[in-house]
Structures are given as structure tokens and as C-alpha cells.
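Asker: here are the coordinates; sequence isn't available:
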């Protein structure tokens, strides 16, 4: 497995584990220039992003990853990561499908999330 | 609407119109370093990508875009484009949901597809 694929896999495991157990801890993965578009709402900067994630109207959530694809995103080591899966929210009886795209950029010998786009995906009519 | 959003919208309209009418014409949108991961199959280079798209086991296909998100992907003008929608294939009675992520990079005063990740998204169980 290529290096970017290993990094993407490790990132995705870490990201959803942190999301599902302690959303505030995701702050370490973003920066001041990070962008999140969450269900069409655009946010920029780690502060705004973490506030949005903490204000989501559910306390208990579980992400189940179904597919994970990764590609090199530039010549500087950035990595495109695309995930699809299921989201299980406490109050909902049925899981929802989602798709999430990240661009990871190198920072201080590791990576941070520069781009983040999250969408629920509804069954085609 | 920010410039990158207009470009993303124009690209997506053009891309699926070309895909659904004349897949070979998409060659103009890729380059030698372009990557496509199509349902987990990785391909690189415009030749391999177009060959794969032309070998897909359907002649008639229609993409219906449901959501389109865009973000700047770097300081050089690259654009991240994330689409979800429905795919209608001739032989299928029911449309399938899909998610597709592109990274557009500037080239010769326009843009080309550097990253392309396509996945069907199945309803969560």
C-alpha cells in the first residue's frame, strides 16, 4: 500500500474515533486556514469549525466507514481522502448515508485538515 | 458567489453534459498526471482514464446533480469540487446515488481535473 494510502487510512480511523468520542479533540486536526462545508454551511478556521461540530444536534453519534479512497493531491505531499459510510445518531432508528472529502496538508511533520466537505447522501428517488 | 464557486458550477454542468453525451470528449479535461479512482479502481493519465470511462458497461447514462460544494484547495487557484447525485443507467429501473470529488488545477488559463474519485453510495442498512 502506498504511503498516502496508509496515512489516509490512519487519519480516517483517528478522525472518526475522535469525532464519536470527544469532538473538541478534533481541534488538533484543523488550523486557522482550514475550511469545512457542512451540509452546505461554510465555515473557516479551527474555532468556527469545532464550534459547529459541537453544536450539532446530537450528543451520541457513530460513523461506520464503508469506502475509503485516497490520492496524492499535489507535489508537496497533500492527500485527498474521500470517505462514504453510515452515520448512526442516537435519536434516529435508521442510519443515514454520508460522503466526506478531506484534503490533508503537511504541517510540522504530520498533517492537518485543509479542506473538509460533509454531506448526507439520500437514496436516489 | 465567489469565483471558485462559479467555476465549480460551470465545470460540473459541462462535465456531466459531456459525460452523458460523448464520453471521449472528456479527454480535454484531463492530463497526463490526472488520477481517477473509479469504484476503487485506480487509473492515471488521460488515456487510461478515458479508456476506462468508455469501457463502462452502459451506453446511455444520465447524471442528476443533487448537491455541489466547492472550496479553494491551495493558494495557486486549485479548486475542490464535491458532487452528490443520482445516476440513471439505461438497463436499471432504479437510479443509484453517487458521490464524486474532483480537484481542478489551473492549466493554460483554464482548469483540468487532477484528482477524480467516483463512488456509488448505497443506502445505509
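Answerer: Structure received. Computed from a predicted model, the values in this text were never measured in an experiment.

Asker: shaky segments in chain A?
Answerer: Within chain A, the stretches with pLDDT under 70 are A:1, A:125.

Asker: Chain B contacts on that one?
Answerer: A:35, A:37, A:40, A:42, A:64, A:66-67, A:69, A:71-74, A:78, A:80, A:82, A:84-87, A:94-97, A:99, A:101, A:103, A:114-115, A:117, A:119, A:121-125 (CB under 8 Å from any CB of the partner chain). For the C-beta atoms, the positions are set from N, CA and C on the backbone; glycine is no exception.

Asker: rerun at 6 Å
Answerer: Contact residues (CB under 6 Å from any CB of the partner chain) of chain A with chain B: A:35, A:37, A:67, A:69, A:71, A:80, A:82, A:84, A:86, A:95-97, A:99, A:101, A:115, A:117, A:119, A:121, A:123-124.

Asker: Just the buried subset of those, please.
Answerer: Among the residues of chain A next to chain B, those buried by neighbour count (16 or more other CB atoms under 10 Å in any protein chain shown) are A:35, A:37, A:67, A:69, A:71, A:80, A:82, A:84, A:86, A:95-97, A:99, A:101, A:115, A:117, A:119, A:121, A:124.

Asker: In strands, which of the residues you listed appear?
Answerer: Among those, DSSP state E puts A:35, A:37, A:67, A:69, A:71, A:80, A:82, A:84, A:86, A:96-97, A:99, A:101, A:115, A:117, A:119, A:121 in strands.

Asker: Now do stretch A:96-115: distance to the chain's middle.
Answerer: 6 Å (CA atoms, centre = their mean, to the nearest Å).

Asker: Run through who's touching that stretch.
Answerer: Outside stretch A:96-115, the residues that touch it by CB atoms under 6 Å, 6 or more residues apart in numbering or on different chains are A:29-31, A:34-35, A:73, A:77-84, A:87, A:116-121, B:71, B:80, B:82, B:84, B:99, B:101, B:121, B:124.

Asker: Give the buried residues for that stretch.
Answerer: Quick answer for stretch A:96-115 (16+ other CB under 10 Å): A:96-105, A:111-115.

Asker: and of these, the nearest to chain B?
Answerer: residue A:99 (3.7 Å; CB to the nearest CB).

Asker: For the closest one, which non-adjacent residue is closest in space?
Answerer: residue B:99 (3.7 Å; CB to CB, 6 or more residues apart in numbering or on different chains).

Asker: Residues in a beta bridge with the one you found, which ones?
Answerer: Beta-bridge pairing of residue B:99 under DSSP bridges involves residue B:84, residue B:119.

Asker: ok, so what distance separates it from residue B:36?
Answerer: For residue B:99, the distance to residue B:36 equals 14 Å [CB to CB, to the nearest Å].

Asker: again, but for residue A:30
Answerer: 28 Å.

Asker: hang on, residue A:6 in a helix?
Answerer: Yes: per DSSP: H, G, I helix; E, B strand; the rest coil, residue A:6 lies within a helix segment.

Asker: Please tell me how far it sits from residue A:68.
Answerer: Residue A:6 is 11 Å from residue A:68, by CB to CB.

Asker: Those two: who's more crowded?
Answerer: Shown here are residue A:6 and residue A:68; by other CB atoms under 10 Å in any protein chain shown, residue A:68 has more neighbours (18 against 11).

Asker: Residue A:84 is in contact with the more buried one, correct?
Answerer: No: look at residue A:68 against residue A:84 with CB atoms under 6 Å: they stay out of range, at 8.3 Å.
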